[in-house]
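A.B. asks: can't give you the sequence, but here's the structure:
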């Protein structure tokens, strides 16, 4: 571990200890929590929004001053140097809201989730500043997730009959949960390619999980979900429409979002283990989870398959993602993001409507929609190329 890494670890560890061991801060948080308890579903996203909105211009100025910018390259699709510390505003807004509205005394998992968030942001921040190898980044992701799974007991314990499997043995549950969470983290990271896509997709997914947890009365988790939604809105606005304060989330934000969404996905499945006599019981929750996360899961699997088929490393960057295909077709960033965000909404709606149709039917229909969309885009691209890429063809897809 080099000197820079030690400095980052000490900094984020110090922040974590300062918050949780400072009695005055804890007293203020408790006072605010008690004052707005009855309206936490509204104030949690509002506080996250306001804090994120306030921090965002500061993150832009710091990034410009320290030259922490994303420059155009073969793997990117933007022009000009853009600050890439937007993830910090999301992180600070989310942490502030979660710290105020979720009581650590009543939610033992919170400290481990926040601990994991701190260090996931630290790894992303370090990568945005100095760049680390994919192997080292993956090792760190496994270490952070393993800490949460082992000590926070955030793990998948039942597959609800998926593949004929119900309860999972503890020794199998641990590595399985770690692999699933790290997989989701990297899938979310890989869709962060154009303006508004990662933040928009994660907002929709977090909103779905938040509404579900609210419906079943899982207070700590619906607060975390809504807090994340609130923190994402300012970034989305500045990322898509910003001029003076335009910025990217970088790995700082992408890794954080993937980590939090993976935690929500695990808890979503855990919430449906015991059968209930209410409309919110989802016996096929693993299949619904796949549907909710279909866009990043399918896009990552598709891109990896293409790279392996072409005898390239699956981790080698290219422009084969669905958002790249839409750009090639002539869509602007905003339009391409809107299409894929809407596609995510379709995946979620279909999964919910088919909630009682069984595992394989849900997954089959979701895959069919994803494949049909991909084939349609590929066919449209071939027609566009045959048309010679004329502007009148391009305008039809804007």
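C.D. replies: In hand now; what should we look at? Since this is a predicted model, take the numbers as computed values, not measurements. Residues are numbered from 1 along each chain as shown.

A.B. asks: next one: the strand or helix carrying residue 240 to chain centre, how far?
C.D. replies: Take DSSP states H and E as the rule and residue 240 turns out to sit in helix 219-241. In terms of Cα atoms, centre = their mean, to the nearest Å, the centre of helix 219-241 is found 11 Å from the chain centre.

A.B. asks: ok, and for it, which residues are buried?
C.D. replies: Judged by neighbour count using 16 or more other Cβ atoms under 10 Å, the buried positions of helix 219-241 are 219-236, 238-240. The C-beta positions use only the backbone N, C-alpha and C, and glycine is treated the same way.

A.B. asks: over to stretch 210-221?
C.D. replies: Buried residues in stretch 210-221 (16+ other Cβ under 10 Å): 210, 212, 213, 214, 216, 218, 219, 220, 221.

A.B. asks: which strand or helix spans the third one?
C.D. replies: By that I understand residue 213. Using DSSP H and E, the element containing residue 213 is helix 197-216.

A.B. asks: what packs against that helix?
C.D. replies: Where contact means 3 or more Cβ pairs under 8 Å, 6 or more residues apart in numbering; DSSP states H and E, helix 197-216 is packed against helix 219-241, helix 250-270, helix 285-292, helix 333-353.

A.B. asks: as JSON lines, these with distance to residue 125 would be great.
C.D. replies: Listed next are the helices and strands packed on helix 197-216 as JSON lines, based on distance: least, Cβ to Cβ, whole Å:
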{"stretch": "helix 219-241", "distance to residue 125": "15"}
{"stretch": "helix 250-270", "distance to residue 125": "5"}
{"stretch": "helix 285-292", "distance to residue 125": "28"}
{"stretch": "helix 333-353", "distance to residue 125": "24"}
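
A.B. asks: out of those, which is closest to residue 160?
C.D. replies: Nearest to residue 160, of all the helices and strands packed on helix 197-216, is helix 285-292, at 5.7 Å by Cβ to Cβ.

A.B. asks: looking at it, residue 240 is touching residue 198, isn't it?
C.D. replies: No: counting by Cβ atoms under 8 Å, residue 240 does not reach residue 198; the two are 11.5 Å apart.

A.B. asks: rewinding a little: reformat the buried residues of stretch 210-221 as JSON lines; add distance to residue 145.
C.D. replies: JSON lines is the format used below for the buried residues of stretch 210-221 (distance: Cβ to Cβ, whole Å):
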{"residue": "210", "distance to residue 145": "22"}
{"residue": "212", "distance to residue 145": "23"}
{"residue": "213", "distance to residue 145": "21"}
{"residue": "214", "distance to residue 145": "26"}
{"residue": "216", "distance to residue 145": "25"}
{"residue": "218", "distance to residue 145": "21"}
{"residue": "219", "distance to residue 145": "24"}
{"residue": "220", "distance to residue 145": "19"}
{"residue": "221", "distance to residue 145": "18"}
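
A.B. asks: for residue 296, what are its contacts?
C.D. replies: Residues in contact with residue 296 (Cβ atoms under 8 Å, 6 or more residues apart in numbering) are 184, 187, 188, 190, 191, 201.

A.B. asks: give the buried residues for the longest helix seen in the chain.
C.D. replies: Looking across the chain with DSSP state H, the single longest helix is helix 359-386. By 16+ other Cβ under 10 Å, the buried positions in helix 359-386 come out as 359, 362, 363, 365, 366, 369, 370, 373, 377, 380, 384.

A.B. asks: so can I have CSV of these showing distance to residue 81?
C.D. replies: Formatted as CSV, the buried residues of helix 359-386 follow (distance: Cβ to Cβ, whole Å):
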residue, distance to residue 81
359, 47
362, 44
363, 42
365, 43
366, 39
369, 38
370, 34
373, 33
377, 30
380, 32
384, 30
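
A.B. asks: between these, which is closest to residue 206?
C.D. replies: residue 366 (19.2 Å).

A.B. asks: next up, the contacts around the residue nearest to that closest one when sequence neighbours are not counted.
C.D. replies: Once flanking residues are discounted, residue 366 sits nearest to residue 291: 4.6 Å by Cβ to Cβ, 6 or more residues apart in numbering. By Cβ under 8 Å, 6+ apart, the residues touching residue 291 are 347, 348, 350, 351, 362, 363, 366.

A.B. asks: closest to residue 173 out of those?
C.D. replies: Taking Cβ to Cβ as the measure, residue 173 lies nearest residue 363 of the contacts of residue 291, at 21.5 Å.

A.B. asks: and that closest one, what does it touch?
C.D. replies: Applying Cβ under 8 Å, 6+ apart, the residues near residue 363 are 287, 290, 291.

A.B. asks: that older thread, can you give me how far the longest helix of the chain is from the chain middle?
C.D. replies: On Cα atoms, centre = their mean, the centre of helix 359-386 falls 23 Å from the chain's centre.

A.B. asks: pLDDT and distance to residue 152 added to the buried residues of stretch 210-221, as a markdown table?
C.D. replies: Listed next are those as a markdown table, based on pLDDT from 0 to 100; distance: Cβ to Cβ, whole Å:
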| residue | pLDDT | distance to residue 152 |
| --- | --- | --- |
| 210 | 95 | 20 |
| 212 | 95 | 21 |
| 213 | 95 | 17 |
| 214 | 93 | 22 |
| 216 | 92 | 20 |
| 218 | 89 | 16 |
| 219 | 88 | 17 |
| 220 | 89 | 12 |
| 221 | 92 | 13 |
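
A.B. asks: which stretches of the stretch 1-150 of the chain aren't confidently modelled?
C.D. replies: 1-38, 70-80, 104-106 (pLDDT under 70).

A.B. asks: quick one, strands of it?
C.D. replies: With DSSP state E, counting those that start in this stretch as the criterion, the stretch 1-150 of the chain has strands at 69-70, 82-83.

A.B. asks: partner strands of the last one, with direction?
C.D. replies: Paired strands of strand 82-83, with direction, are strand 69-70 (antiparallel) (DSSP bridges).

A.B. asks: picking that back up, how about the contacts of residue 291, which pair is most distant?
C.D. replies: 348 and 363 (14.1 Å).

A.B. asks: what ranges does the stretch 51-200 of the chain have for its helices?
C.D. replies: In the stretch 51-200 of the chain, the segments counted as helices under DSSP state H, counting those that start in this stretch are 86-101, 110-130, 134-152, 170-190, 197-216.

A.B. asks: since that was my last question, I'll sign off now.
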